[in-house]
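With the sequence up front, the predicted model follows.
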Amino acid sequence: MNVVILAAGQGKRMRSARPKVLHLLAGKPLLAHVLDAARSAVGESGRICVVYGHGGEEVPAALSRAEVIWVKQEPQLGTGHAVLQAMPHLDPTRRTLVLYGDVPLTRVETLNRLIAESGDAALALLTVCLDDAHGYGRIVRADDGTVLRIVEDKDASEKERAIAEVNTGILVAPTGRLAAWLPTLGRNNAQGEYYLTDIVALAAAEKLAVRSVHPADTWEVQGVNSKSQLAALERVRQGCLAQQLMDEGVQLADPARIDVRGELVCGRDVFIDINCLFEGRVELSDGVVIGPNCLIKDCSVGEDSRIAAFSHIDSANIGPACRIGPYARLRPGTELGQDVHIGNFVEVKNSSIADHSKANHLSYVGDSEVGSRVNIGAGTITCNYDGTNKHRTVIEDDVFIGSDTQLVAPVTVGRGATLGAGTTLTSNAPPDSLTVSRAKQVTVPGWKRPVKKA
């Protein structure tokens, strides 16, 4: 099967310098959704050709794939002209599926039904009936229901505009017939373009069977021509993802208040509170609880762990039975073992923290290796950056670090050591010992505060 995806349009109503097909839906460019559906429908052996134009090389650069053939349409003279540019790259012995780069939510099941309906030689159209068909090409049928032609809205008569069944543009055609039809298309229409839809009349004239398939939902064939349409489809997509999660057993506090911008994989008995955003690939194991207003990106969360409200997690691996947040931040390179506690306003970056260790309040742990059963007191900072280079801090098992401590890396705190509150550690602390670094406390008798001058 050949696939031609038309992605050359400018999208003036988007009012954006970015090519329309690169605008994001659920965290992924519109065109990427279409490419994924196409590949699922036709398999690895399918030949996919993307016709691009507006935005120049920005489109193929953003979605470079070895298995896609990129063809530039210049000048852009309509859909028929666009498919014509792709013809030299298509296998003439296979059928051709035509898709649109700004129609992102067509189900693979719908495409499979359309491909099956086309058989070996028929022309198969994906059509839909709309209450308001303004702007769409109408499907004109004979009295016996045979499809005769498609008339574009701007070229339709008043009677034709009353037709509810419209063309979505998505079709399957015999490639050999396409090669014969496309060079014969004319531009005698309101837009002065070569319409791909004109091949329907040519097929009917040649007595070629023209069949139609309807999608299960009209949003499957809705395109994006404005930011408001993009927002509407975003809600549709998020609603579908939320329903899928609930069907798989995930409990959502409010299905209307979750955003998945990537892939979210959940185990059993997972609970997700309101206003959570998931980006990239996120894996939540059995019994995980996510509090409200969290952002979680490219992360795995172990069994029975809890992430409290307003936590921000990016490229971290969280072990089982951990307690994170509220207001915690885990940055890339964070690795947490079992039963690790990261509390409010604690930031961890490029560090491993082993089983049963805790940093409960107002601390920064960066470029560090923290052992098991370590307690990191409030206000502790690993000073990992000297202005030029990053350095490592090693905190061995069973260490107790008092509040308001600074560990100036590179430095090692030995197993079982205790650092007194307020310590600034600039050299290694020996194991099983108390290390304290403080200025001597002084009381000045008879001292009085300054008084404002009158």
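Now that the structure is in, tell me what you want to look at. Not measured: the values here are computed from a predicted model. Numbers count the residues shown, from 1 in each chain.

ranges for the helices of the stretch 201-350 of the chain?
227-247 (DSSP state H, counting those that start in this stretch).

I'd guess Glu117 is in a strand, am I close?
No. Counting by DSSP: H, G, I helix; E, B strand; the rest coil, Glu117 falls outside a strand, being helix.

any idea how far it lies from Ala124?
4 Å (C-beta to C-beta, to the nearest Å). Glycine gets a C-beta too; all of them are placed from N, C-alpha and C.

what is in contact with these two at once?
172, 211-213 (C-beta atoms under 8 Å, 6 or more residues apart in numbering).

Which pair in the residues you listed has the greatest spatial separation?
Val172 and Ser212 (11.1 Å; C-beta to C-beta).

what touches both of the two?
Common neighbours of Val172 and Ser212 (C-beta under 8 Å, 6+ apart) are 117, 124.

Comparing the two, which shows the higher neighbour count?
Between Val172 and Ser212, counted using other C-beta atoms under 10 Å, Val172 has the larger neighbour count: 26 against 19.

A strand includes the more buried one, no?
Yes. Under three-state DSSP, Val172 sits within a strand.

can you tell me which residues contact it?
Contacts of Val172 by C-beta under 8 Å, 6+ apart are 95-98, 114-115, 117-118, 123-124.

Now with 6 Å, please.
By C-beta atoms under 6 Å, 6 or more residues apart in numbering, the contact set of Val172 is 95, 97, 114-115, 118, 124.

Repeat that for Tyr100.
Going by C-beta under 6 Å, 6+ apart, Tyr100 touches 6, 169.

Kindly report the same for the one 5 residues further on.
Listed by C-beta under 6 Å, 6+ apart, the contact set of Leu105 reads 219-220.

circling back: could you export the contacts of Val172 as CSV, including neighbour count, distance to Val4 and pLDDT?
Listed next are those as CSV, based on neighbours: other C-beta atoms under 10 Å; distance: C-beta to C-beta, whole Å; pLDDT from 0 to 100:
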residue, neighbour count, distance to Val4, pLDDT
Arg95, 25, 11, 96
Leu97, 25, 7, 97
Leu114, 24, 14, 97
Ile115, 17, 14, 96
Ser118, 23, 14, 93
Ala124, 23, 15, 96
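
and the two most separated of those?
Distances among the contacts of Val172 were taken as C-beta to C-beta; the most separated pair is Arg95 and Leu114, at 10.4 Å.

just for the chain, where's the confidence low?
Residues of the chain that meet the criterion pLDDT under 70 lie in 66.

Got the domain ranges for it?
Using automatic domain parsing, the domain ranges for the chain come out as 2-221, 227-435.

Indicate which one of those domains is closest to Thr443.
Distance to Thr443, taken as C-beta to C-beta, is lowest for domain 227-435 among the domains of the chain, at 17.3 Å.

got the end-to-end distance for that closest one?
60 Å (C-alpha to C-alpha, to the nearest Å).

16 is where my numbering starts, stick with that
Sure thing, new numbering starts at 16, so read that last one as domain 242-450.

next one: it to chain centre, how far?
22 Å (C-alpha atoms, centre = their mean, to the nearest Å).

ok so, going back, return the subset of the shared contacts of Glu132 and Ala139 lying in strands.
If you go by DSSP state E, these have 187, 226-228 in strands.

Closest one of the residues you listed to Ala436?
Ranked by distance to Ala436 (C-beta to C-beta), these are led by Val228 at 72.3 Å.

Share the number of residues neighbouring the closest one, please.
Neighbours of Val228 (other C-beta under 10 Å): 22.

right, and it touches Glu132 too?
Yes. The pair Val228 / Glu132 is scored as a contact, 5.1 Å apart, by C-beta atoms under 6 Å.

if I look at Arg54, how far off is Ile339?
37 Å.

before we move on, back to that, nearest to Lys463, of the domains of the chain?
Proximity to Lys463 (C-beta to C-beta) singles out domain 242-450 among the domains of the chain, at 26.8 Å.

quick one, strands of the stretch 366-469 of the chain?
Using DSSP state E, counting those that start in this stretch, the strands found in the stretch 366-469 of the chain span residues 367-368, 373-376, 379-381, 383-385, 390-391, 396-398, 408-410, 415-416, 421-423, 426-428, 433-434, 439-440, 449-450.

Now tabulate those in JSON lines and tack on mean neighbour count and distance to Ile165.
As requested, the strands of the stretch 366-469 of the chain are exported to JSON lines (neighbours: other C-beta atoms under 10 Å; distance: least, C-beta to C-beta, whole Å):
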{"stretch": "strand 367-368", "mean neighbour count": "23", "distance to Ile165": "62"}
{"stretch": "strand 373-376", "mean neighbour count": "19", "distance to Ile165": "65"}
{"stretch": "strand 379-381", "mean neighbour count": "24", "distance to Ile165": "62"}
{"stretch": "strand 383-385", "mean neighbour count": "22", "distance to Ile165": "65"}
{"stretch": "strand 390-391", "mean neighbour count": "24", "distance to Ile165": "69"}
{"stretch": "strand 396-398", "mean neighbour count": "21", "distance to Ile165": "67"}
{"stretch": "strand 408-410", "mean neighbour count": "23", "distance to Ile165": "69"}
{"stretch": "strand 415-416", "mean neighbour count": "21", "distance to Ile165": "73"}
{"stretch": "strand 421-423", "mean neighbour count": "20", "distance to Ile165": "72"}
{"stretch": "strand 426-428", "mean neighbour count": "22", "distance to Ile165": "74"}
{"stretch": "strand 433-434", "mean neighbour count": "22", "distance to Ile165": "78"}
{"stretch": "strand 439-440", "mean neighbour count": "19", "distance to Ile165": "77"}
{"stretch": "strand 449-450", "mean neighbour count": "16", "distance to Ile165": "82"}
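
could these go into CSV alongside distance to Gln206?
Formatted as CSV, the strands of the stretch 366-469 of the chain follow (distance: least, C-beta to C-beta, whole Å):
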stretch, distance to Gln206
strand 367-368, 61
strand 373-376, 64
strand 379-381, 59
strand 383-385, 63
strand 390-391, 67
strand 396-398, 64
strand 408-410, 66
strand 415-416, 72
strand 421-423, 69
strand 426-428, 71
strand 433-434, 75
strand 439-440, 73
strand 449-450, 80
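
quick one, which of those strands is nearest to Asn359?
Closest to Asn359 of the strands of the stretch 366-469 of the chain, according to C-beta to C-beta: strand 373-376, at 6.4 Å.

Could you list the paired strands of that closest one along with their orientation?
Applying DSSP bridges, strand 373-376 is found paired with strand 356-359 (parallel), strand 390-391 (parallel).

Using PDB, write out the CA atom coordinates for stretch 373-386.
Output of stretch 373-386 as PDB, limited to C-alpha atoms (Å, rounded to 0.1, in the frame of the first residue of the first chain):
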ATOM      1  CA  LYS A 373      15.100  11.200  53.800                       C
ATOM      2  CA  ALA A 374      15.400  14.800  52.800                       C
ATOM      3  CA  ASN A 375      12.200  16.200  54.200                       C
ATOM      4  CA  HIS A 376      12.600  20.000  54.000                       C
ATOM      5  CA  LEU A 377      14.100  22.800  52.000                       C
ATOM      6  CA  SER A 378      17.300  21.100  50.700                       C
ATOM      7  CA  TYR A 379      19.300  20.800  47.500                       C
ATOM      8  CA  VAL A 380      21.000  17.500  46.600                       C
ATOM      9  CA  GLY A 381      23.000  17.700  43.400                       C
ATOM     10  CA  ASP A 382      25.600  15.500  41.800                       C
ATOM     11  CA  SER A 383      25.600  13.200  44.800                       C
ATOM     12  CA  GLU A 384      25.600   9.600  45.900                       C
ATOM     13  CA  VAL A 385      23.600   9.100  49.000                       C
ATOM     14  CA  GLY A 386      23.500   5.800  50.900                       C
END
